[in-house]
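[1] Build me a model from this:
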Amino acid sequence: MARIVTSLDIGSAQIKCVVAEEKRDGTLSVLAAVKRPSVGLRRAMLVDVEDATRIFREMAVDLQKISKRATQDVFVNVNGEHIKPRPSRGVVVVSRADQEIQEDDIERALVSSKAIRLTPNYLILHNIAREFIVDDVGDIQNPLGMTGNRLEASTLVIEAFAPQVNLLVKTLERVGMKVGGLIYNPLAAARAVISKKQKDLGALLVDFGFGSTSIAVFEENKVLHAKTLPVGVGHVTNDIAIGLKTSVEAAEKIKLTYGFAIAKEISRRDSVDLAEFDRSNSGEISKRFISEIIEIRLAEILDLVNNELKSVGRYGELPGGAVITGGGVKLGGMAELARKELKLPVQVGFPDLSGFEVLNPAHEELLDDPEFATAVGLILWSQDENHRESGGTGFKKFFRNLMP
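    As a prediction, the model looks like this:
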C-alpha cells in the first residue's frame, strides 16, 4: 500500500496543509493543498487551546474526506522564540575487534551527544549530525565502514520548551491526527528552497512569517545556526494601523495593495484614499509615508538577522547568499531591501516541486508560492526520514525517543 503523508504548517495567521502519496519510484503525488486562517496562536506559539482545537478538528474532518489515512502520518512544524540551538559532542570507543565502524557505533555516538544538561523543562527536538571525527580526523560525513579506535559525533542539538511541544501534540491527537514528526520550522523551509550546492557554499534561510521570522545558517552542508525571532510581517501591519490611525484589517489591505519595502523608490506625489479601505477614516495619505513605515520595521527585522549572523561570524560572508521565503516576501521590494541590509546575494525561495506530481492546477498554483515553503519542506523531510528508516535506523523509534 502506498504511503500517504500530510504536512501541517501551523502559523500565527494561516495553516497550510499538503497531502501527498509516495509512489514506488519516489514521486510524491499531491492529493490536496489547502490553506485557511489560523486562530489560537501568537508568535508561532499555541496560546488558546480551545480556538486551536476547533480549527484543527475542522482540518482533520477535511483530511478524512481526502483519505482515511491522511490523518495517520502528519508532519508538523514547530516554531517559536523558546527553541534554542546548542552544539554538542558524543564520543564512543569502536566496538568491533577489527575496529571497523558499524551502524551501532554511529548510533551510540549520536546518543552520547544527547547526554547533555538540558534547560529545565526542555526536550530535544533535533540532534543533527554536523560531522564525525575518527581518531581526531574530522569533517567526515559518514564514517560507516571506516576503521579507527574512537568515534566522535559533532552535532547541533535543538531543544524546545516541553510544555509547548507536548500541548501541540496532544491538541492534534485529540482531534484524531497522529503526529509522525515534529520539525523545526526554518529547517523544514530550507529543505524546500535551498539547494545542496548553496548549503555547501554557505547560505542563509530567512522565513518571514506573520508573527515571527525564523532563520537557518548552513555551511559545508551542515546546519551552523538556527533561530526564531519574535517579530514578523504582522508587526508591519500593526505599525501601519498605528501610523495611519486605522483598523488592523484596513492596514493589512493597504499593506498588500500599496506596500513597498524601499521608500525612496516611491514618489511623494502618489497618495492613497483611506476611505477606500476604512469608511470611518477619511483623507489621503502619501504612499511614500506607508513605505517608510514598512521599511523601518523590515530593516529592524533584518538587523536582528544580521546580529545572529555576527554571533556565528558569518555576517556578509555566505557565498551561497540568502534565500528569503514565507508569505512576507511577496511584499514588493523585499528582495532588494534584504540585499541592501544583509550585504548578501538574495533570491526569493519558491518550493522545489521537481519531485512532485501535481495534477490539479489549483494545487500547483498554491504550492508554487513562497508561503508554502514550510509545508512542502515538511513533506520532503518526511520522505527523507522514510528512506532512512527503510535503509536501517528507524525514525519513528528515534522520534519517540525525543518526546518525554
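
[2] Under the pLDDT cut-off, which ranges of the stretch 1-150 of the chain? List them.
    Residues of the stretch 1-150 of the chain meeting the criterion pLDDT under 70: none.

[3] can you map out the strands along it?
    In the stretch 1-150 of the chain, strands defined by DSSP state E, counting those that start in this stretch lie at 3-10, 14-22, 28-37, 41-42, 45-46, 74-78, 84-93, 122-134, 137-140, 150-161, listed in chain order.

[4] Leu337 is nearest to which of these?
    Set against Leu337 and scored by Cβ to Cβ, the strands of the stretch 1-150 of the chain come closest in strand 14-22, at 23.0 Å. For every residue, glycine as well, the C-beta is placed using N, CA and C.

[5] What are the contacting residues of that closest one?
    If you take Cβ atoms under 8 Å, 6 or more residues apart in numbering as the criterion, strand 14-22 is touched by 2-9, 28-38, 55, 59, 63, 66-67, 70, 210, 327, 356, 367, 371-372, 374-376, 378-379, 383, 386.

[6] Apply 7 Å and report the result again.
    With contacts defined as Cβ atoms under 7 Å, 6 or more residues apart in numbering, strand 14-22 is touched by 2-9, 28-38, 55, 59, 63, 66-67, 70, 371-372, 375-376, 379, 383.

[7] Can you give me the buried ones in that strand?
    Ile15, Lys16, Cys17, Val18, Val19, Ala20, Glu21, Glu22 (16 or more other Cβ atoms under 10 Å).

[8] thought Tyr122 was touching Ala162?
    Yes: the criterion here is Cβ atoms under 7 Å, and Tyr122 meets it with Ala162 at 5.8 Å.

[9] Let me see the ranges of the strands in the stretch 301-404 of the chain.
    Here the stretch 301-404 of the chain has its strands, by DSSP E, counting those that start in this stretch, at 322-325, 346-348, 356-357.

[10] As TSV, the ones you listed with mean neighbour count, mean pLDDT and distance to Gly202 would be great.
    As requested, these are exported to TSV (neighbours: other Cβ atoms under 10 Å; pLDDT from 0 to 100; distance: least, Cβ to Cβ, whole Å):
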stretch	mean neighbour count	mean pLDDT	distance to Gly202
strand 322-325	28	98	11
strand 346-348	18	98	14
strand 356-357	16	96	28
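
[11] Return the distance of Thr171 relative to Val165.
    Here Thr171 is placed at a distance of 11 Å from Val165 (Cβ to Cβ, to the nearest Å).

[12] meant to ask about Glu295
    Here the distance between Glu295 and Val165 works out to 36 Å (Cβ to Cβ).

[13] So which of the strands of the stretch 301-404 of the chain is nearest Lys264?
    Nearest to Lys264 among these is strand 346-348; the distance by Cβ to Cβ comes to 18.0 Å.

[14] The closest one pairs with which strands, and in what direction?
    Here strand 346-348 is paired, per DSSP bridges, with strand 322-325 (parallel).

[15] what sits up against the partner strand?
    Residues contacting strand 322-325 (Cβ under 7 Å, 6+ apart): 189, 193-194, 203-208, 334-335, 338, 342, 344, 346-349, 370, 373.

[16] Give the buried subset of these as a PyMOL selection command.
    Buried subset of the contacts of strand 322-325, written as a PyMOL selection, criterion 16+ other Cβ under 10 Å:
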select buried, resi 189+193+194+203+204+205+206+207+208+334+335+338+342+344+346+347+349+370+373
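
[17] in which helix or strand would I find Thr171?
    Element membership for Thr171 (DSSP states H and E) is helix 162-174.

[18] what sits up against that helix?
    Outside helix 162-174, the residues within contact range by Cβ under 7 Å, 6+ apart are 45-46, 49, 52-53, 56, 74, 76, 78, 80, 82, 121-123, 179, 182, 404.

[19] same thing but 6 Å
    Taking contacts as Cβ atoms under 6 Å, 6 or more residues apart in numbering, the residues outside helix 162-174 that touch it are Met45, Leu46, Val49, Ala52, Thr53, Phe56, Asn121, Tyr122, Leu123, Val179, Pro404.

[20] on that earlier part again, neighbour count: Thr171 and Val165, which is higher?
    Between Thr171 and Val165, counted using other Cβ atoms under 10 Å, the more crowded position is Val165 (24 against 19).

[21] do you know how far that one is from Asp48?
    Using Cβ to Cβ, Val165 is found at 17 Å from Asp48.

[22] again, but for Glu364
    Distance from Glu364 to Asp48, by Cβ to Cβ: 34 Å.

[23] neighbour count winner among those two?
    Higher neighbour count among Glu364 and Asp48: Glu364, with 15 against 12, using other Cβ under 10 Å.

[24] Next one, pLDDT for the closest residue to that one other than its chain neighbours please.
    What sits nearest to Glu364 in space, not counting adjacent residues and going by Cβ to Cβ, 6 or more residues apart in numbering, is Val358, at 4.4 Å. pLDDT recorded at Val358 is 96.

[25] and Val358, how many neighbours does it have?
    Residues near Val358, counting by other Cβ under 10 Å, number 18.

[26] Could you shift the numbering so residue one becomes 494, and keep it that way?
    Yep, numbering from 494; the last one is Val851 now.

[27] Check the gap between it and Leu521 for me.
    In terms of Cβ to Cβ, Val851 sits 9 Å off from Leu521.

[28] repeat for Val662
    For Val662, the distance to Leu521 equals 24 Å [Cβ to Cβ].

[29] These two: which has the busier surroundings?
    When Val662 and Leu521 are compared for neighbours, Leu521 comes out ahead with 22 against 17, by other Cβ under 10 Å.

[30] Enumerate every residue touching the more buried one.
    Leu521 sits next to Ala513, Glu515, Gly848, Phe849 when contact means Cβ under 6 Å, 6+ apart.
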